[in-house]
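Novice: sequence first, then the predicted structure:
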Amino acid sequence: MELQRASKYYLVGILAAMAVLPILCHARCNYKAVFNFGDSTSDTGGIHYAFPFNELSENYPYGESFFGKPTGRYGDGRLSIDFFAKGLGLPFLSPYLQSVGSNFGGGANFAAAGATARDEDSFIAPVSLSVQINQFKVFKQQVLASIGAHGPAAYLPSAEAFKQSGIYTIEIGGNDFSYGYMQLNLTTAQLKQTILPKVAISVAGAAQALYNEGARNIMVRDLPPQGCGPFWLTFFPHASNDFDPYGCSISFNDAARYYNTLLRAQLSTLRQQLKDANIIYLNTYDIIYDFFANPSKYGFTATTRSCCGAGGVYNDAVWCGKTSKVNGTKMQAVACSNPSSAVSWDGVHWTDEANKLLTQQIFSGKYFEPSFPLASFCDLQPL
């Protein structure tokens, strides 16, 4: 009897283990780390650690929807880079400058709000793309030195993560546009002929620099449709015939598409030169533009209006979390009651929900140029 009972429990144990096995196998991913470079669209707190108590993202209601508090992210919750890491089964990326509580086992984030692709365009924060690349070089040197002296550590990326098992992502360029529009008072036509070709060259140059450091999987995101953003619609002049059927500025979106064409060309040239690397252009423009063209498909009811803001046609005359006068009336910019129904959080940055949907579309594989079978290298996790 005891033998039969023991055999029964043994069989139950085996079946339980078999039930768990697919879950364990599902976590397979060839990519063990992500190294990100960019601006506020992917900054998970870097600018806070560089210049503390100087950023709007350090204050409520930033972070309210997911974290329940500000985390230095420009949004109500997670950014697309957070969802990207989650999908690969990695933890959220710690900012490079975070000295306490950081975990670099799954990579590191060098992005900083206000960063520009070109050093010359820097006017918000002195953490341009070239500075971030240099920070990465130092980080890599220190990690490899630590591994050499003490062996691998769970809180640091492996040596191989800097090569084939790492993904390098770049998401930058929007502030270079702002520099041209706001500091130089350029028109969209002037911007196309002066700054934008140089921005595309700078971004491709950063990809080349990362390749020189061992990167073999580099994803470069294009620019989204700026002309649909409440900030651009509020603070930049538009002719009455400069609007598409979805309320977006035709001329500002055309400038973004023009830059994306230049970026495609630069990365194509680089791809021909670096035959042993995956140089991927990531088309986020089409994904995000569809949020504005077909909002009901995604559950959005607010497109060209900020969720967090106050005043004006686009609810963006007062920046999120601030108080200011609009036409003589004092207004406080607060968050809308349902951020998940809005595309734009604060006029420039996307909501947690929009970032989630954006990343889901990225993981569909349809927006990689050239085709990149990410799902065949990783069992992508639910977002």
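Specialist: Looks like it arrived, so ask away.
Novice: what comes into contact with the helix or strand containing Phe139?
Specialist: Here Phe139 sits within helix 129-150, counting by DSSP states H and E. With contact meaning C-beta atoms under 8 Å, 6 or more residues apart in numbering, helix 129-150 is reached by 35, 37, 96, 104, 108, 110-112, 115-119, 153, 156-159, 162, 170, 172, 202-203, 206, 209-210, 213-214. The C-beta positions use only the backbone N, C-alpha and C, and glycine is treated the same way.
Novice: just the buried residues of it, please?
Specialist: The neighbour-count check on helix 129-150 (16 or more other C-beta atoms under 10 Å) flags Leu129, Ser130, Val131, Gln132, Ile133, Gln135, Phe136, Phe139, Lys140, Val143 as buried.
Novice: Asn253 belongs to a strand?
Specialist: No: read with DSSP: H, G, I helix; E, B strand; the rest coil, Asn253 is helix and lies in no strand.
Novice: quick one, what contacts it?
Specialist: Residues counted as contacts of Asn253 (C-beta under 8 Å, 6+ apart) are Pro225, Gln226, Gly227, Cys228, Asp244, Tyr289.
Novice: which of these tops the neighbour count?
Specialist: Neighbours were tallied for each of the contacts of Asn253 (criterion: other C-beta atoms under 10 Å), and the maximum of 28 neighbours falls on Gly227.
Novice: can you give me the helices in the stretch 151-300 of the chain?
Specialist: Using DSSP state H, counting those that start in this stretch, the helices of the stretch 151-300 of the chain run over residues 174-178, 188-194, 196-212, 230-235, 250-273, 285-293, 295-298.
Novice: which of the contacts of Asn253 lies closest to Ala342?
Specialist: Among the contacts of Asn253, Cys228 lies closest to Ala342 (C-beta to C-beta), at 12.4 Å.
Novice: and the closest one, what's its pLDDT?
Specialist: According to the per-residue confidence, Cys228 scores 98 in pLDDT.
Novice: what sits closest to it if chain neighbours are left out?
Specialist: If you skip the residues right next to it in sequence, Cys228 has Cys248 as its closest partner in space, 3.9 Å away by C-beta to C-beta, 6 or more residues apart in numbering.
Novice: cool, Phe236 as well?
Specialist: For Phe236, ignoring the flanking residues on the chain, the nearest one in space by C-beta to C-beta, 6+ apart is Tyr181 at 6.4 Å.
Novice: how about Leu191?
Specialist: With C-beta to C-beta, 6+ apart as the criterion, Leu191 has its nearest non-adjacent residue at 4.5 Å, and that residue is Gly180.
Novice: after the worst-scoring helix or strand of the chain on mean pLDDT, which helix or strand is next?
Specialist: Least confident helix or strand, the chain: helix 2-25 with a mean of 39, by mean pLDDT, DSSP states H and E. Under the assignment DSSP H and E, the closest C-terminal helix or strand after helix 2-25 is strand 33-38.
Novice: count of residues packed around the closest residue in space to Ser57 that isn't next to it in sequence?
Specialist: Nearest in space to Ser57, with sequence neighbours left out and distances taken as C-beta to C-beta, 6+ apart, is Tyr74 at 4.8 Å. Counted with other C-beta under 10 Å, the burial measure for Tyr74 works out to 24 neighbours.
Novice: over to Ile287?
Specialist: Close neighbours of Ile287, defined as other C-beta under 10 Å, add up to 21.
Novice: out of everything not next to it in sequence, what's closest to it?
Specialist: Leaving out its chain neighbours, Ile287 is closest to Gln361 (C-beta to C-beta, 6+ apart), at 4.5 Å.
Novice: how many neighbouring residues does the one you found have?
Specialist: By the criterion of other C-beta under 10 Å, Gln361 has 19 neighbours.
Novice: any figure for the gap between it and Phe368?
Specialist: Gln361 sits 11 Å away from Phe368 when distances are taken as C-beta to C-beta, to the nearest Å.
Novice: Ala113 too?
Specialist: The spacing between Ala113 and Phe368, counted by C-beta to C-beta, is 27 Å.
Novice: likewise Gly299?
Specialist: Here the criterion is C-beta to C-beta. By it, Gly299 lies 25 Å from Phe368.
Novice: which one of these two is surrounded by more residues?
Specialist: For Gly299 against Phe368, the residue with the higher neighbour count under other C-beta under 10 Å is Phe368, and the figures read 17 against 10.
Novice: so the more buried one makes contact with Ile280?
Specialist: Yes: using C-beta atoms under 8 Å, Phe368 is in contact with Ile280, at 5.3 Å.
Novice: anything in contact with each of these two?
Specialist: Met219.
Novice: show the contacting residues for the closest residue to Ser165 other than its chain neighbours.
Specialist: Leaving aside its chain neighbours, Ser165 sits nearest to Lys32 (4.6 Å; criterion: C-beta to C-beta, 6+ apart). Applying C-beta under 8 Å, 6+ apart to Lys32 gives the contacts Leu90, Gly106, Pro157, Ser158, Glu160, Ala161, Ser165, Gly166.
Novice: need the buried ones from the residues you listed selected in PyMOL.
Specialist: Applied in PyMOL, the following selects the buried portion of these according to 16+ other C-beta under 10 Å:
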select buried, resi 90+106+157+158+161+165+166
